[in-house]
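S.K.: fold the following, please.
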Amino acid sequence: MAVLLGDKHRFAVEVGEWVGPALRRVDLWVADQWLTCDDNAVFVAQFRLSVAATADRVRSGGGLPLAFAVSPVATHQRLVDATRGAEEDYGRFWIFNDWGPTTDNVLAFLFRDGDQLLITSEFWREDHLSEHPEHAGRVFVAELQAGEFVGILEELVAVLDHD
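M.R.: Residues are numbered from 1 along each chain as shown. Okay, here's the model as predicted:
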């Protein structure tokens, strides 16, 4: 039975069935967008550690303020444009960069203003964009409290630990 954590309109994770001895279906949503549409089979051991590390980072105040004093969408676009081909330059803003191949199809950033988080995401793969032309050049933005985000990630780790 699938377990849904969070709100798909902002940020959610759905943990589903095992698809092998080490792989499990995990779907992610940001701002009503299904991010794991290309690959939703996670290697549980690695994914669990990466999610726990993200929760720790956010719990301890991680996340940078919006850069450039512009909107979240404009900040996202500027970071992508300024660092194309130099992932290490924008890695400090990335939110899902170490969560494994399931999130390789999106560019997603995390920004923080006190306890408020903004997650921006954009699909970039040509195959995805040809199937979903309405996503071309579009940046999706979700806003939620840091505690809510950390809580979802902690619940996710617990589900992965016990199922």
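
S.K.: ok, now which residue in this structure is the farthest from the centroid?
M.R.: Pro21 (24.5 Å; CA atoms, centre = their mean).

S.K.: could you pull out the helices for this structure?
M.R.: Remark: helices assigned in the chain by DSSP state H are 44-59, 72-82, 87-90, 126-131, 146-162.

S.K.: need those helices in TSV with mean pLDDT, mean neighbour count and distance to Leu107, can you?
M.R.: C-beta coordinates here come from the backbone N, C-alpha and C atoms, glycine included. Shown next, in TSV, are the helices of the chain (pLDDT from 0 to 100; neighbours: other CB atoms under 10 Å; distance: least, CB to CB, whole Å):
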stretch	mean pLDDT	mean neighbour count	distance to Leu107
helix 44-59	96	17	16
helix 72-82	89	17	6
helix 87-90	56	12	9
helix 126-131	94	12	12
helix 146-162	96	17	19
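
S.K.: grab the nearest non-local neighbour of the residue nearest to the spatial centre of the chain.
M.R.: The centre of the chain sits closest to Phe96, judged by CA atoms, centre = their mean, with a distance of 4.5 Å. In space, and not counting its chain neighbours, Phe96 is closest to Thr103: 3.8 Å by CB to CB, 6 or more residues apart in numbering.

S.K.: what's the burial count for that neighbour?
M.R.: Counted with other CB atoms under 10 Å, the neighbours of Thr103 add up to 23.

S.K.: in contact with His9, which residues?
M.R.: His9 is in contact with 31-32, 142, counting by CB atoms under 8 Å, 6 or more residues apart in numbering.

S.K.: what does Arg138 give?
M.R.: Applying CB under 8 Å, 6+ apart to Arg138 gives the contacts 122-123.

S.K.: show the pLDDT at it.
M.R.: At Arg138, the pLDDT value in this model is 97.

S.K.: so it versus Trp29, what's the distance?
M.R.: 15 Å (CB to CB, to the nearest Å).

S.K.: same check on Ser121?
M.R.: Taking CB to CB, one finds Ser121 at 10 Å from Trp29.

S.K.: do you know the pLDDT at the residue farthest from the centre of the chain?
M.R.: On the pLDDT scale, Pro21 gets 94.

S.K.: just Leu64 next, same as before
M.R.: 84.

S.K.: so it touches Arg112, yeah?
M.R.: Yes - assessed by CB atoms under 8 Å, Leu64 is found in contact with Arg112 at 6.5 Å.
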